[in-house]
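Participant: All I have is the shape, not the residue letters:
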């Protein structure tokens, strides 16, 4: 850029151009969130909604800013359960899908069972889970794993059945064993579907972990914090917990989508 051009633009433009563009991009992307918060505040003020029913955004965000340690501790506990359940569920989904592909007997046994478990609500399964694995961390991990298991199983199974015909014929000609075919051809083919399953299940894992904590009334996560807040009529704290859970779910979805894009670019 020439000296004359620099002088015409001025130091303020040179220093502030990029932050202004970044702020504008953020506003264009998340203006609906700002509009929702604004509508929330207008609704509370215009209709004089009682704070017991719905606190103002200022009160909720004030509690978030005033007690970050309370929310951070609960969030860490919930994220531990969510990540643990996500890893266990997706790992189990891949292993079961591989077993179903390799064995017709296992396919006939597991496929109907998976469909039945998937069709039953988590609330209905909770008493069974509690009686089998007990309460506390094992139960919360089991609930989260069950929710994340089915997408991983379904997308992996689909990927294992969609190998290119030419590649499959080559492995047949080379008399490759089932294990070799699975390791070198089918599992790499199923990775892209597994990334889609990650994007779909990662946000839900956070909310399911929170739901399990709330229903069982145990643990120190966001679900327990919400349960305690409602029990003691701490409405602002309960709304703050909901805001944190929503924000974390959105961030988790964005992160999972970024991982999916990165993996897709590497695989294609």
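Facilitator: Structure received. This is a predicted model, so every value here is computed, not measured. Numbering: from 1, shown residues only.
Participant: The stretch 101-250 of the chain: strands as residue ranges?
Facilitator: Using DSSP state E, counting those that start in this stretch, the stretch 101-250 of the chain contains no strands.
Participant: That one: helices as residue ranges?
Facilitator: 104-119, 122-133, 137-160, 165-173, 178-181, 187-216, 222-231, 235-267 (DSSP state H, counting those that start in this stretch).
Participant: First-to-last residue distance for stretch 182-191?
Facilitator: Taking Cα to Cα, to the nearest Å, stretch 182-191 runs 12 Å from one end to the other.
Participant: And stretch 214-234, by the same measure?
Facilitator: Across stretch 214-234, first to last residue, Cα to Cα, it's 15 Å.
Participant: Likewise for stretch 169-180?
Facilitator: 14 Å.
Participant: How far does it sit from its chain's centre?
Facilitator: Relative to the centre of its chain, stretch 169-180 is centred 37 Å away, using Cα atoms, centre = their mean, to the nearest Å.
Participant: related to what we said a few turns ago, may I see the helices of the stretch 101-250 of the chain organised as JSON lines, with mean neighbour count added?
Facilitator: C-beta here means a position set from N, CA and C on the backbone, and glycine is covered the same way. Output for the helices of the stretch 101-250 of the chain, formatted as JSON lines (neighbours: other Cβ atoms under 10 Å):
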{"stretch": "helix 104-119", "mean neighbour count": "12"}
{"stretch": "helix 122-133", "mean neighbour count": "13"}
{"stretch": "helix 137-160", "mean neighbour count": "22"}
{"stretch": "helix 165-173", "mean neighbour count": "11"}
{"stretch": "helix 178-181", "mean neighbour count": "14"}
{"stretch": "helix 187-216", "mean neighbour count": "22"}
{"stretch": "helix 222-231", "mean neighbour count": "21"}
{"stretch": "helix 235-267", "mean neighbour count": "17"}
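Participant: Between these, which one is closest to residue 64.
Facilitator: helix 235-267 (5.1 Å; Cβ to Cβ).
Participant: Which neighbouring elements make contact with that closest one?
Facilitator: On a contact count with 3 or more Cβ pairs under 8 Å, 6 or more residues apart in numbering; DSSP states H and E, helix 235-267 meets helix 57-66, helix 68-102, helix 187-216, helix 222-231.
Participant: would you turn the ones you listed into a markdown table with mean pLDDT and distance to residue 124?
Facilitator: Listed next are the helices and strands packed on helix 235-267 as a markdown table, based on pLDDT from 0 to 100; distance: least, Cβ to Cβ, whole Å:
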| stretch | mean pLDDT | distance to residue 124 |
| --- | --- | --- |
| helix 57-66 | 92 | 33 |
| helix 68-102 | 93 | 18 |
| helix 187-216 | 89 | 11 |
| helix 222-231 | 91 | 18 |
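Participant: quick one on the thing from earlier: nearest to residue 47 among the helices of the stretch 101-250 of the chain would be which one?
Facilitator: Among these, helix 235-267 sits nearest to residue 47 (Cβ to Cβ), with 16.3 Å.
Participant: What average pLDDT does that closest one get?
Facilitator: For helix 235-267, mean pLDDT rounds to 91.
Participant: tell me the angle of that helix relative to helix 222-231?
Facilitator: If you take axes from the mean of the first three to the mean of the last three Cα atoms, to 10 degrees, helix 235-267 sits at 160 degrees to helix 222-231.
Participant: got the angle between helix 235-267 and helix 68-102?
Facilitator: Using the same axes, to 10 degrees: helix 235-267 against helix 68-102 is 40 degrees.
Participant: Next, the angle from helix 235-267 to helix 187-216.
Facilitator: Using the same axes, to 10 degrees: helix 235-267 against helix 187-216 is 170 degrees.
Participant: Tell me which of the helices of the stretch 101-250 of the chain lies nearest to residue 45.
Facilitator: Closest among the helices of the stretch 101-250 of the chain, once you apply Cβ to Cβ, is helix 235-267, at 15.6 Å.
Participant: how distant is that closest one from the center of its chain?
Facilitator: Put simply, helix 235-267 sits 6 Å off its chain's centre (Cα atoms, centre = their mean).
Participant: what about residue 53, is that helix, strand or coil?
Facilitator: coil (DSSP: H, G, I helix; E, B strand; the rest coil).
Participant: any idea how far residue 146 is from the closest residue to residue 250 other than its chain neighbours?
Facilitator: Leaving out its chain neighbours, the residue that sits closest to residue 250 by Cβ to Cβ, 6 or more residues apart in numbering is residue 203, at 7.3 Å. Going from residue 203 to residue 146 by Cβ to Cβ, to the nearest Å gives 16 Å.
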